[in-house]
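1. Kindly generate the corresponding structure for this input.
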Amino acid sequence: MENLKVTYIQTALHWMSPSANWAMLEEKIFLIGPTTDIIVLPELFTTGFAPEAANFAEPMNLTTFKWMKQMAEYTQAMVIGSYPVIEKEKIFNRLIAMKPGGSYQWYDKRHLFSLGNEQQNFSSGNNKIIVEWKSWKICPFICYDLRFPVWSRQGSQDHYDLLLYIANWPQTRINAWTTLLKARAIENVSYVLGCNIIGADNQGNTYNGHSAIYNYKGEELFNSFESETINTVTLLKGELNSFRAKFPVLADADLFSIT
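-> Predicted coordinates:
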């Protein structure tokens, strides 16, 4: 069984400044080098989360897309993060999972944060993805998706080993972040990784990180709390499969469909 090294970057972002964020994150990624299998960046890593992020939307295959491709090639790791993408006159909070060699998959955030008026500037997606990498199946989501367990529910048609959330999750609701990450791990018998940011935005919101990785039993493997962190954890496929075999709770799960 092949284990998986996952690295997340918990950092402050330069608000509404893609060029500053490319440069800052590039320096951090160069520190990682070819030592990991996956590098996880926060939600909207080129701008931070705010209504005006839509003003920085790019077509696919433009600057940020090419930057992610370069980072994946340099590190020989899959690079995951979201940024504003415009397509057919609609703007999406789009997560890209970029592999070395230039192959990729994308996911558009389904649950838009109405309290932050995200729906006024972005369109919702309706398809989840499963990314296969290094013999692992990875299911990525974005921030507010965490509050909706049905959307992330493990099923026979979308089986995965690692559930991944990237976010700009504010300090005022950080208890919900840590509680729900743990719950998603337990109910789906899966590793769960949550990558958040620190610092403050231009609307008076503060972010205190708590990026973390939980195992399939809901046990915390690492928590970055409030510090700027580049953290790598090795996930053990053999132990995951062994636990699932001994405790096959997913075999008793309800069957359902989402419209």
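
2. Beta-bridge partners for residue 222, please?
-> residue 213 (DSSP bridges).

3. for it, what are its contacts?
-> The contact partners of residue 222, by C-beta atoms under 8 Å, 6 or more residues apart in numbering, come to 212, 213, 231, 233. Placement of C-beta: from N, CA and C, glycine included.

4. wait, doesn't residue 54 sit right on residue 122?
-> Yes. Residue 54 lies in contact with residue 122 (C-beta atoms under 8 Å); the separation is 6.2 Å.

5. what is in contact with these two at once?
-> Common neighbours of residue 54 and residue 122 (criterion: C-beta under 8 Å, 6+ apart): 84, 91.

6. quick one, which of those two is more surrounded?
-> residue 122 (23 against 17; other C-beta atoms under 10 Å).

7. Is that one in contact with residue 87, as I believe?
-> No. Using C-beta under 8 Å, residue 122 is not in contact with residue 87, being 11.6 Å away.

8. what is in contact with those two at once?
-> Joint contacts of residue 122 and residue 87 (C-beta under 8 Å, 6+ apart) do not exist.

9. low pLDDT regions in the stretch 1-150 of the chain?
-> For the stretch 1-150 of the chain, the stretches with pLDDT under 70 are 1.

10. err, the stretch 151-259 of the chain, not the other one
-> Answering for the stretch 151-259 of the chain: no residues sit below the bar, that is pLDDT under 70.

11. Find the centremost residue of this protein, please.
-> Of all residues in the chain, the one closest to the mean position by C-alpha atoms, centre = their mean is residue 166, 3.0 Å from it.

12. That one and residue 160, how far apart?
-> Going from residue 166 to residue 160 by C-beta to C-beta, to the nearest Å gives 16 Å.

13. same question, residue 101
-> 22 Å.

14. more neighbours, these two?
-> residue 160 (22 against 10).

15. any chance of the contacts of residue 222 in CSV, plus distance to residue 27 and neighbour count?
-> CSV is the format used below for the contacts of residue 222 (distance: C-beta to C-beta, whole Å; neighbours: other C-beta atoms under 10 Å):
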residue, distance to residue 27, neighbour count
212, 24, 25
213, 23, 26
231, 16, 20
233, 22, 17
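
16. Please, where are all the strands along the stretch 101-250 of the chain?
-> 104-108, 131-133, 136-142, 162-166, 191-195, 198-200, 206-208, 212-214, 220-223, 229-235 (DSSP state E, counting those that start in this stretch).

17. of all those strands, which gets the most neighbours per residue?
-> Comparing the strands of the stretch 101-250 of the chain by mean neighbour count (mean count of other C-beta atoms under 10 Å), strand 191-195 ranks first with a mean of 28.

18. just the angle between it and strand 136-142, please?
-> Calculated by axes from the mean of the first three to the mean of the last three C-alpha atoms, to 10 degrees, strand 191-195 forms an angle of 40 degrees with strand 136-142.

19. Pairing partners for strand 191-195, with directions?
-> strand 162-166 (parallel), strand 212-214 (antiparallel).

20. Next, format those strands as TSV and append distance to residue 179.
-> Putting the strands paired with strand 191-195 into TSV (distance: least, C-beta to C-beta, whole Å) gives the following:
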stretch	distance to residue 179
strand 162-166	13
strand 212-214	11
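
21. Just list whatever residues bridge to the residue nearest to the centre of the chain.
-> residue 142, residue 195.

22. Show the contacting residues for it.
-> 40-43, 80-82, 95, 140-143, 194-195.

23. Recalculate using a threshold of 10 Å.
-> 8, 40-45, 80-82, 95, 109, 140-143, 145, 193-197, 211 (C-beta atoms under 10 Å, 6 or more residues apart in numbering).

24. gap between it and residue 146?
-> 10 Å.

25. Which parts of the stretch 51-200 of the chain are helices?
-> Counting by DSSP state H, counting those that start in this stretch, the stretch 51-200 of the chain has these helices, from start to end: 63-75, 149-152, 174-188.
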